[in-house]
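Peer 1: Next come a sequence and a model predicted from it.
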Amino acid sequence: MYMIANFRRATDTTGTDEMTTHSTQVDAPESAADDPLAAALDWACSQSAWWHDSGNLNPAVLRAIANHATSIGAKQTAETGCGLSTILLSQVAESHTCFTIAAGNSLERVQNVPHLRNDRVNFVVGPSQVTVPRHGFVRPLDFVLIDGPHGFPFTHLEYYFFYPRIRKGGFLVVDDIHIPTIRQLYDVLRDDKMWLHVEDVLTTAFFQRSEAPLFDPYGDGWERQQFNQRHFEDSKSMDLYNPGWRDTMPPPPGPLLGVGRKSSLGPVPAASEAVPASGWPTVTSSSGLDLETARNSKPNRQMMRNPIMRLKAVVSELLRNAR
């Protein structure tokens with residue numbers, strides 16, 4: 001047997017967030033060779049922070065993805081963005097859809113990894129702003145990772161086209177919640193009856209679909225959304241829009257991310273669990289925002305000192321200006 005540590009966020013009756021940790025016992029395979037997912041996870045966690053030129057998910061996040069996807073027996077999965085998560089989800093799912101713009105070398109690198117179950121992956125190439133709305137999902141989705149374009153309103157757009165397709169009990173994962181516009185989506189989801197906020201691993205949020213009814217994707221109903229009810233400037237006006245809303249309002253989900261930097265994301269896994277010896281920074285801070293900054297700053301400086309990367313940046317800027 002071996003232990004998998006799960007970090008879950010719980011809201012107490014005072015409305016503050018705290019992190020609770022529990023361990024799950026799992027039958028350990030005799031070796032990684034007997035468990036393709038374990039072998040792929042070990043390999044992925046050993047890669048450097050910039051294995052491909054868009055940057056990787058932290059090993060702690062990769063472990064959480066594998067843990068939650070397997071815990072619900074995910075068979076139909078999807079993601080925006082392409083990287084180490086694609087390799088892991090190809091090992092978990094029967095069918096995985098990866099929406100990628102194929103910029104840089106991420107798609108090429110992923111497709112050449114022996115751990116990738118290429119027979120299970122459908123790579124949909126093109127801007128996710130176009131490909132996700134057009135895609136016809138045949139079955140409900142068990143697990144979705146949103147990690148495509150990060151500018152507003154692109155993450156929100158992806159969420160809109162994914163959320164009706166995620167089954168009850170399925171998972172929605174939102175990466176880069178330290179970016180203000182994505183933080184906005186994160187704050188709304190934490191206060192949405194459709195989603196149970198399971199945990200934050202550094203700056204990646206994990207939500208599980210609840211038994212609440214689906215919010216009508218073709219209607220309005222803003223006055224029934226808890227985030228609007230809680231933050232509407234004139235709360236008395238809400239009594240006109242939605243009488244009785246106060247009777248069903250739960251305690252607040254805790255301080256908004258980024259408000260009061262102290263432990264805003266809760267504790268992170270110990271350094272020995274979260275970071276391999278492959279160029280990742282040591283986890284010493286209790287703030288996921290601080291860790292994400294530390295994770296990116298040094299590789300970013302090294303990358304931009306690389307003459308090839310500097311040339312690529314100049315060419316990209318010229319192409320943008322030429323459009």
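Peer 2: That came through fine.
Peer 1: now the strands: where do they sit in the stretch 1-150 of the chain?
Peer 2: For the stretch 1-150 of the chain, the strands defined by DSSP state E, counting those that start in this stretch occupy 2-11, 17-26, 76-80, 95-100, 121-125, 141-146.
Peer 1: correct me, but Lys168 touches Ser210?
Peer 2: Yes. Judged on C-beta atoms under 8 Å, Lys168 makes contact with Ser210 at a distance of 7.0 Å. All C-beta atoms are positioned from the backbone trio N, CA, C, and that covers glycine.
Peer 1: which regions of this protein sit below the pLDDT cut-off?
Peer 2: Applying pLDDT under 70 to the chain flags the ranges 1-33, 254-323.
Peer 1: Helices of that one, start to end?
Peer 2: 36-45, 59-71, 84-92, 106-111, 128-134, 154-162, 180-190, 226-231, 235-241, 271-274, 288-305, 307-322 (DSSP state H).
Peer 1: Quick one: list the elements packing against the first one.
Peer 2: The criterion is 3 or more C-beta pairs under 8 Å, 6 or more residues apart in numbering; DSSP states H and E, and the helices and strands that helix 36-45 contacts are helix 59-71, helix 84-92.
Peer 1: which of those helices is buried the deepest?
Peer 2: helix 84-92 (a mean of 25; mean count of other C-beta atoms under 10 Å).
Peer 1: what's it in contact with?
Peer 2: When contacts are defined by C-beta atoms under 8 Å, 6 or more residues apart in numbering, helix 84-92 is touched by residues 36-37, 40-41, 44, 47, 51, 56-57, 62, 65-66, 69-70, 74, 77, 79, 96, 98, 110, 113, 115-118, 120-121, 143, 145, 147.
Peer 1: Mind doing that once more with 6 Å?
Peer 2: Residues outside helix 84-92 that contact it (C-beta atoms under 6 Å, 6 or more residues apart in numbering): 36-37, 40, 44, 56-57, 62, 65-66, 69-70, 74, 77, 96, 98, 110, 113, 115-117, 120-121, 145.
Peer 1: Convert that helix to PDB, retaining C-alpha atoms only.
Peer 2: Extracted C-alpha coordinates of helix 84-92, given in PDB (Å, rounded to 0.1, in the frame of the first residue of the first chain):
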ATOM      1  CA  LEU A  84       2.100  17.000 -19.700                       C
ATOM      2  CA  SER A  85      -1.500  16.800 -18.600                       C
ATOM      3  CA  THR A  86      -2.400  15.500 -22.100                       C
ATOM      4  CA  ILE A  87       0.000  12.600 -21.500                       C
ATOM      5  CA  LEU A  88      -1.500  11.800 -18.100                       C
ATOM      6  CA  LEU A  89      -5.200  12.000 -19.300                       C
ATOM      7  CA  SER A  90      -4.400   9.800 -22.200                       C
ATOM      8  CA  GLN A  91      -3.500   7.100 -19.700                       C
ATOM      9  CA  VAL A  92      -6.600   7.600 -17.600                       C
END
